[in-house]
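Visitor: Give me a 3D structure for the following:
(2 chains)
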Amino acid sequence: MATSGNNSINAKLVLLGDMGAGKSSLVFRFVKGQFLEFQESTIGAAFFSQTLALNDATVKFEIWDTAGQERYHSLAPMYYRGAAAAIIVYDITSTESFERAKKWVQELQKQGNPNMVTALAGNKADLEDKRKVALEAKNCGAPVQEAHTYAEENGLFFKETSAKTATNVNEIFHEIAKRLPRAQPAQHPAGVVLTDRAAEHSRTSACCT
Amino acid sequence: MDEEYDVIVLGTGLKECILSGLLSVDGLKVLHMDRNDYYGGESSSLNLIQLWKRFRGSDKPPTHLGPSRDYNVDMIPKFMMANGTLVRVLIHTDVTKYLSFKAVDGSYVYNKGKVHKVPATDMEALKSPLMGLFEKRRARKFFIYVQDYVENDPKTHDGLDLTRVSTRDLIKKYGLDDNTVDFIGHALALHRDDYYLDEPALDTVKRMKLYAESLARFQGGSPYIYPLYGLGELPQAFARLSAVYGGTYMLNKPECTVEFDEEGKACGVTSEGETARCKKVVCDPSYLPNRVRKLGKVARAIAFMSHPIPNTNDSPSVQVILPQKQLGRKSDMYLFCCSYTHNVAPKGKFIAFVSTEAETDHPDLELKPGIDLLGPVDELFFDTYDRFEPVNEPSLDNCFISASYDATTHFESTVTDVLSMYRRITGKDVDLSVDLSAASAAEE
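Guide: Next comes the predicted model:
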């Protein structure tokens, strides 16, 4: 759930999509500005936060990566719980990953909250010569997939991205931030988070001085 | 799945998920499977449809109860001591970032037919209607002794060696009557029976201090905290920890069979015709039924209500302890209530549990004293489940089996079992040296 106060919005964002579509690479590019050509499957870090300053608000994303639990369809309900936004990622060089992305859209409609801001990212857009999923519908005979129409029909906003060249990566997160509801009253009472008091103190003193 | 793993974990109950997380963080290659298509095993939280399927044999719960997904009904209802070992493990593993907690609003005790707030400090003792005027003063002196007691500072011991003096003798020194002893032992020190009276007093004093320190931590009405959306979130959060550190998760794997080599050591697990090899197997009792024995039985009632438990100051979440002596039983009974304030039910709905170690085969009769305290209920379910403990020798068969969840109100015994299993699996202790006195709750 996006919670807000003083024009600052905290939003949980979840990534969905099949293995190898580039979910972690997208986050890594967005959060660290880096790209690793031979990224290992996600190990050790699957939780990032990144703050975006917009004109009317500051959005702090808490980004959840799947940690490999998508592989055998064992993502837990808690993964979707309270998510304000989702990015469903596929690989434009794989029709299979696009078909799987459609399944993830259905899964999200079942599990997620109905007001979620959802984006579809056609990743690896730098690999134009290996493209299998078309951007727009074509009138030629070949039964090519076209992502744009699918996204429109399903109320997703859509961009083709490249974590490698950084194309549209910041843009897709910015667009999500812009679309998040402002000043949405918390639907449920907020709980407490267990933290270390030392950390809490440093934060408190930082905001009071 | 035809690979070799260091450890295969079967069942995604809380104990198995904590172990899976700790072992993955250690760098071991872990495969974690469950026969169900959901996380949590015995310690899951069910939505309405799952609950109706399990207890009413129908997947159509009455519509007036509201949407199925608004319910998270714990199958093993427990609270967490705010300063207890589970909180320590959560902070140690940083799993706290996946969860939100709220304090539990009230802690009560049943005494002579009435429900009273549990006095936990010297000041509260002075106000409590549980005791008469002179008894209050005696109790206050005892509370001050416990609060000031520091294990490694003999000056605070008042000349008593609590590793030798029995609880009974310590209490006698303060001249407390049986009634006071009953609520101190059962509602503050959270003993389940009366054996503690003849044990060294140190354990009871430590338990009282844990209660008081947990109570002070959140300035709530109880020493307990509880996760938003129910306890089923805990195994999911530890499973995520395990996955983040490379653990592989497979749900919905029927008939997981442990394979043994000629020496009788576990060497793999077969499911759906595929075998994954491993060095060790960790599982709950249901996956190796021939290597466990029945230890006892828990009787439990689940009640849906449209009001809080009467006489608890309208607390939306609360615990009430009914000490065994008050009911003429061998073991205590507990009420546990949670509601929409912890996101386990829709607004205005309350879920109460009555549970105890079963002493008969009639849970409805046995639980009646607790159910009578609930007032009118909208729906009532009865349930009993057997408790098992392992009888195998892990050094011979490489199988590490957890004990079933007991009827205690909190997780201390659960985590004790997990930590001792971890020690047996890895040969080392979990370093839980988080600065608990420095840990607190931050408003999100």
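Visitor: Quick check on the residue in chain B that chain A sits nearest to: phi, psi?
Guide: With Cβ to the nearest Cβ, the shortest gap between chain B and chain A falls at residue B:100, namely 3.2 Å. In this view, the C-beta of every residue, glycine as well, is placed from N, C-alpha and C. Backbone torsions of residue B:100, given as degrees, to the nearest 10, read phi -120, psi 140.
Visitor: Share the number of residues neighbouring it, please.
Guide: 23 (other Cβ atoms under 10 Å in any protein chain shown).
Visitor: any idea how far chain B is from residue A:78?
Guide: Separation of residue A:78 from chain B (Cβ to the nearest Cβ, to the nearest Å): 4 Å.
Visitor: typo on my end, residue A:69
Guide: Residue A:69 sits 5 Å away from chain B, going by Cβ to the nearest Cβ.
Visitor: Look up phi and psi at that residue.
Guide: Backbone torsions of residue A:69, given as degrees, to the nearest 10, read phi -70, psi -10.
Visitor: State the pLDDT value of it.
Guide: The score at residue A:69 is 88. That number is its pLDDT.
Visitor: ok, residue B:291 touching residue B:394?
Guide: No. Using Cβ atoms under 8 Å, residue B:291 is not in contact with residue B:394; the gap is 9.9 Å.
Visitor: re the thing from before, wouldn't the residue of chain B closest to chain A be in contact with residue B:230 here?
Guide: No. Applying Cβ under 8 Å as the test, residue B:100 and residue B:230 come out as separate, 11.7 Å apart.
Visitor: Please, where are all the strands along the stretch 101-250 of chain B?
Guide: For the stretch 101-250 of chain B, the strands defined by DSSP state E, counting those that start in this stretch occupy B:101-103, B:106-111, B:114-117, B:224-227, B:248-250.
Visitor: Kindly report the same for chain A.
Guide: Taking DSSP state E as the criterion, chain A carries its strands at A:3-5, A:8-16, A:47-53, A:58-64, A:85-91, A:117-123, A:133-134, A:145-146, A:157-160, A:192-196.
Visitor: Could you list the buried residues of the second one?
Guide: Translated: strand A:8-16. For strand A:8-16, burial by neighbour count (16 or more other Cβ atoms under 10 Å in any protein chain shown) applies to A:9, A:10, A:11, A:12, A:13, A:14, A:15, A:16.
Visitor: The third one now?
Guide: Taking 16+ other Cβ under 10 Å as the basis for neighbour counts, the residues of strand A:47-53 that come out buried are A:48, A:52.
Visitor: go on, stretch A:58-74?
Guide: A:59, A:61-71, A:74.
Visitor: With stretch B:175-189 instead?
Guide: B:176, B:179, B:180, B:181, B:182, B:183, B:184, B:185, B:186, B:187, B:188, B:189.
Visitor: and the two most separated of the residues you listed?
Guide: By the measure Cβ to Cβ, the buried residues of stretch B:175-189 have their two most distant members at B:179 and B:189, which lie 15.3 Å apart.
Visitor: Please determine how far the spatially most central residue of chain A is located from residue B:62.
Guide: Nearest residue to the geometric centre of chain A (Cα atoms, centre = their mean): residue A:87, 3.2 Å. Distance, residue A:87 to residue B:62, by Cβ to Cβ, to the nearest Å: 38 Å.
Visitor: Kindly confirm my reading that residue B:416 is in a helix.
Guide: Yes. Assignment of residue B:416 by DSSP: H, G, I helix; E, B strand; the rest coil places it within a helix.
Visitor: Where does the prediction get shaky in chain A?
Guide: Counting by pLDDT under 70, the ranges of chain A that qualify are A:1-6, A:38-46, A:136-145, A:183-193, A:195-209.
Visitor: got the residue ranges for the helices in it?
Guide: A:23-32, A:77-80, A:95-111, A:147-153, A:169-179, A:197-208 (DSSP state H).
Visitor: And these: which comes nearest residue B:304?
Guide: The closest of these to residue B:304 is helix A:77-80. By Cβ to Cβ, the value is 21.1 Å.
Visitor: From the contact counts, what lies against the closest one?
Guide: helix A:95-111, helix B:233-244 (3 or more Cβ pairs under 8 Å, 6 or more residues apart in numbering or on different chains; DSSP states H and E).
Visitor: Out of those helices, which one sits most buried?
Guide: Comparing those by mean neighbour count (mean count of other Cβ atoms under 10 Å in any protein chain shown), helix B:233-244 comes out on top with a mean of 28.
Visitor: Output that helix as CSV, nothing but the C-alphas.
Guide: Only the C-alpha atoms of helix B:233-244 are listed here, as CSV (Å, rounded to 0.1, in the frame of the first residue of the first chain):
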residue,chain,number,x,y,z
GLU,B,233,3.4,-14.5,7.5
LEU,B,234,6.3,-15.7,9.6
PRO,B,235,7.1,-19.0,7.7
GLN,B,236,6.7,-17.0,4.4
ALA,B,237,9.2,-14.4,5.6
PHE,B,238,11.8,-17.0,6.6
ALA,B,239,11.2,-18.9,3.3
ARG,B,240,11.9,-15.7,1.5
LEU,B,241,15.1,-15.3,3.5
SER,B,242,16.1,-18.8,2.4
ALA,B,243,15.2,-18.1,-1.2
VAL,B,244,17.2,-14.8,-1.2
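Visitor: Tell me if that helix is near chain A.
Guide: Yes. Judged by Cβ under 8 Å from any Cβ of the partner chain, helix B:233-244 and chain A are in contact via B:233, B:236, B:237, B:239, B:240, B:243, B:244.
Visitor: Counting neighbours, what do you get for residue A:32?
Guide: 11.
Visitor: Then residue A:93?
Guide: Counted with other Cβ under 10 Å, residues neighbouring residue A:93 total 18.
Visitor: any idea how far chain B is from it?
Guide: Separation of residue A:93 from chain B (Cβ to the nearest Cβ): 26 Å.
Visitor: contacting residues for that residue?
Guide: Contact analysis of residue A:93 by Cβ atoms under 8 Å, 6 or more residues apart in numbering or on different chains lists A:124, A:127, A:130, A:131, A:132, A:133.
Visitor: doesn't residue A:94 make contact with the fourth one?
Guide: No. Taking contact to mean Cβ under 8 Å, the distance of 10.0 Å between residue A:131 and residue A:94 leaves them out of contact.
Visitor: Between these two, which is the more surrounded one?
Guide: Between residue A:131 and residue A:94, counted using other Cβ under 10 Å, residue A:94 has the larger neighbour count: 19 against 16.
Visitor: Any figure for the gap between the more buried one and residue A:21?
Guide: For residue A:94, the distance to residue A:21 (Cβ to Cβ) stands at 8 Å.
Visitor: what does residue B:211 give?
Guide: For residue B:211, the distance to residue A:21 - Cβ to Cβ - is 50 Å.
Visitor: same question, residue B:67
Guide: From residue B:67 across to residue A:21, the span is 32 Å (Cβ to Cβ).
Visitor: Residue B:194 too?
Guide: Distance, residue B:194 to residue A:21, using Cβ to Cβ: 61 Å.
Visitor: What of residue B:122?
Guide: For residue B:122, the distance to residue A:21 (Cβ to Cβ) stands at 61 Å.
Visitor: Equivalent analysis for residue B:264, please.
Guide: Distance, residue B:264 to residue A:21, using Cβ to Cβ: 45 Å.
Visitor: More neighbours: which of those two?
Guide: In this view residue B:264 and residue A:21 are compared by other Cβ under 10 Å, and residue A:21 has more residues nearby, 27 against 12.
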